[in-house]
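[1] Next input, structure requested:
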Amino acid sequence: MSSLPASGISSKVESKPSLDMVRNIGFIAHIDAGKTTVTERVLFFAGRIYKIGDVDDGNTAMDWMPQERERGITITSAATTCEWGDYTINVIDTPGHVDFTAEVERSLRVLDGGVVILDSVAGVQPQSETVWRQADRYQVPRICFVNKMDRVGADFYKTMGSMTERLNASPVAIQIPIGTEESFSGVLDLVEGRSLTFPEGPPQPPVEGPIPEDMMGDFEKYRQILTERVVETDDSLTEKFLEGAEISKDEIKEGLRRATIDYKLVPVLCGSALNNRGVQPLLDAVCDYLPSPSDVPPAEGTDHKSGETVTRLPRLDEPFSALVFKAVADPFIGRLVYFRVYSGEMHSGSMVFNSTTGRRERLGRIVQMHAQERHDMGKVVAGQIAAAVGIKDASTGDTICDESDPVILEAITFPEPVMSEAIEPKTRADQERLSDALIKLSQEDPTFKVKHDEELGQTIISGMGELHLEIILDRLRREFKVEGNAGKPKVSFREAIRKTAKAEGRLVRQSGGHGQYGHVWLEVEPLNRGDGFIFEDLTKGGVIPKEYISSVERGIKDALGSGPISGFPVVDIKASVVDGSYHEVDSSEMAFRVAASIAAKAAFTRASPVLLEPVMRLDIFTPGDYLGDVLGDLGRRRANIRNIEGHGSVQTVGARIPLSESFGYANTLRSLTQGRASYSMEFGSYEEAPQSIVAD
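    Below you'll find the model as predicted:
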């Protein structure tokens, strides 16, 4: 689009747009950078909504959940569609909080382009780094909008610098601001060679004008930088430039589009969405520089039958294929499944094949989403993002396709949960409803896990952080009418022995008729951590008949279930039956099983028992500036630092930390590092607990 629509609000295009005129984009950024505010203005200027909502007032179109409106943050990604000129733009507004990173992950998987919103005062913030890496992983081309240019401390050029430093990106300004902070009034369009000023008062189109005389030097400087950066990405333009020929406006625009789609450059714009400044040029840039479905590489997958790699081109004459990227339980219409169509077309009511599960399903109603609102569609075609009512079994990451030519598209990977809580119903009557609700929520959210610990008799819920689990509990109460009490889960300790010991077990009972007789001598000795349990029969001369030896082993295993210190299971032990006796009439399998259990428990007590605690392997990735604070906190948590390595400005710390000391670590690490560090944690081994833990 070479110029702004005269009205600033385009009319709806009645004819179906070609694939080249479709944009599937997402707004991504750190929390509070202004994503939802930008989205609200985009929808208003595109004519999709007719009243601008406000995040602080809790009445924006895209933040529709009660929890979002109360907290003023985006929790779940919301989809909508709007038109700008001749273009159809499918928009997904994503959360900025790290606890809801799964929503960003699955949105980026199905998007063709992204608009990264940065705060002009704060620059690149921690979650901006996270979503940038996610976009890199899915190779999503981006443009950037530097927001809040009218705030005190706003600095467009410093923000550009932080993109290079923190994101390792290649930003290039296609606008520069006219004024800053309170004096910010417009932008210089470096591509078109014009000024755009934004009138005060109600939302209006920007006013186009010439470059002001006092800014001509800045314009020429940054226009030259833009030209050189674009020329560097194109051999034919480089040759022309070196020959001294002038690079035209159209050549810059075409070269910049190619460079953006190839991840070589990131066009940067600026404005203040809250005050309706810079949004229309941003919409133009979305259409000019971000790819259409036909500009991105075709979807790759594996043939359902042969397992060979196949591709699906974004054309109507290709077999139908789509990826499910979200499934939610709608209280009014049942299950709602969001999907992106990569090839072919499909009508509502048609049968489709879920190649991931191997089941046929009816597509049912097809709807176009506007946040929580639904508009019926007769069919979907390649390049579209839609939702379906009536698909019962499809989950996030599943492929739905034409049964005659099935394909399995690449699924979506999600990070593992990092925080857990134990949950129990407030009343016995809530038990079954709580279980059903937790299952439904875990089906919606791939980063929310539920498991029942048989050993501890607890239901454990796991998520990405404290806020994530807080929202889950709130949804249980509001949506499912279930009250639950949550708290830290108990740590599952183990017990072991330090030395070899020997003990006797004897069962002699006479009750008239057949009695019970079993008699064993056992010897126990410690094994290395992780070796488990070993049983050995060292008896000689048939003092215990062979048919009873297996019962002796079962009796020892019974005793392993409850150790002498705190009743936790006993691990890493070798038990040998060395002697014993039997009675020809009264001996039985049960008698030897009980006798062996008695002997084992006595031997454990004599073998210097010790309590073991679970210790986790912990890897931390932190900017070097925060290394001292991170190490200090690890010391307070009884962590054992194994290694520290530097990779550029990032320090990697390898450590082992007791599980009981790891609760709340996600929040602590964010606080210590302003959210810029990340970590991974997995079970390592059981190790001896200090005396203070045993005393507790």
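
[2] Now do the helices in the stretch 401-550 of the chain.
    431-444, 466-478, 546-560 (DSSP state H, counting those that start in this stretch).

[3] any idea which of the ones you listed scores lowest on pLDDT?
    The weakest mean pLDDT among the helices of the stretch 401-550 of the chain belongs to helix 466-478, with a mean of 79.

[4] before we move on, back to that, which one, of the helices of the stretch 401-550 of the chain, ends up nearest to F241?
    For these, the distance to F241 is smallest for helix 466-478, at 50.7 Å, taking Cβ to Cβ. Where C-beta positions appear, they are placed from N, C-alpha and C, glycine not excepted.

[5] tell me the average confidence for the longest strand seen in the chain?
    Counting residues, the longest strand found in the chain (DSSP state E) is strand 609-623. Averaging pLDDT along strand 609-623 gives 86.

[6] what do you get for stretch 347-361?
    pLDDT averaged over stretch 347-361 gives 89.

[7] What's the end-to-end length of it?
    Taking Cα to Cα, to the nearest Å, stretch 347-361 runs 13 Å from one end to the other.

[8] Report how many residues lie close to the residue lying closest to K499 once chain neighbours are set aside.
    Leaving aside its chain neighbours, K499 sits nearest to S608 (4.9 Å; criterion: Cβ to Cβ, 6 or more residues apart in numbering). Other residues near S608 come to 13 when the count uses other Cβ atoms under 10 Å.

[9] In the longest strand of the chain, which residues are buried?
    Residues of strand 609-623 classed as buried by neighbour count (16 or more other Cβ atoms under 10 Å): 609-616, 618, 620, 622-623.

[10] so can I have TSV of the helices of the stretch 401-550 of the chain showing distance to S680 and mean neighbour count?
    Conversion of the helices of the stretch 401-550 of the chain to TSV gives the following (distance: least, Cβ to Cβ, whole Å; neighbours: other Cβ atoms under 10 Å):
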stretch	distance to S680	mean neighbour count
helix 431-444	21	17
helix 466-478	17	19
helix 546-560	32	19
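
[11] looking at these, which is closest to R312?
    When the helices of the stretch 401-550 of the chain are compared by Cβ to Cβ, helix 431-444 sits nearest R312, at 26.4 Å.

[12] From the chain's centroid, how far away is the closest one?
    20 Å (Cα atoms, centre = their mean, to the nearest Å).

[13] what does it rub up against?
    By Cβ atoms under 8 Å, 6 or more residues apart in numbering, the residues outside helix 431-444 that reach it are 326-329, 395, 423, 425, 448-450, 459, 461, 472, 475-476, 479-482, 484.

[14] give me that answer again for 7 Å
    With contact meaning Cβ atoms under 7 Å, 6 or more residues apart in numbering, helix 431-444 is reached by 327-329, 395, 425, 448-450, 461, 472, 475-476, 480, 482, 484.

[15] So which of the residues you listed wins on neighbours?
    Highest neighbour count within the contacts of helix 431-444: I461, with 26 neighbours (other Cβ under 10 Å).

[16] Is it in contact with P417, as I believe?
    No. Applying Cβ atoms under 7 Å, one finds I461 not in contact with P417, separated by 8.7 Å.

[17] Hmm, the residue nearest to K499 is touching T500, no?
    No. In this structure S608 lies outside contact range of T500 using Cβ under 7 Å: 9.6 Å.

[18] List the contacts of the residue nearest to K499.
    497-499.

[19] Also I385?
    Contacts of I385 (Cβ under 7 Å, 6+ apart): 24, 79, 90, 110, 340.
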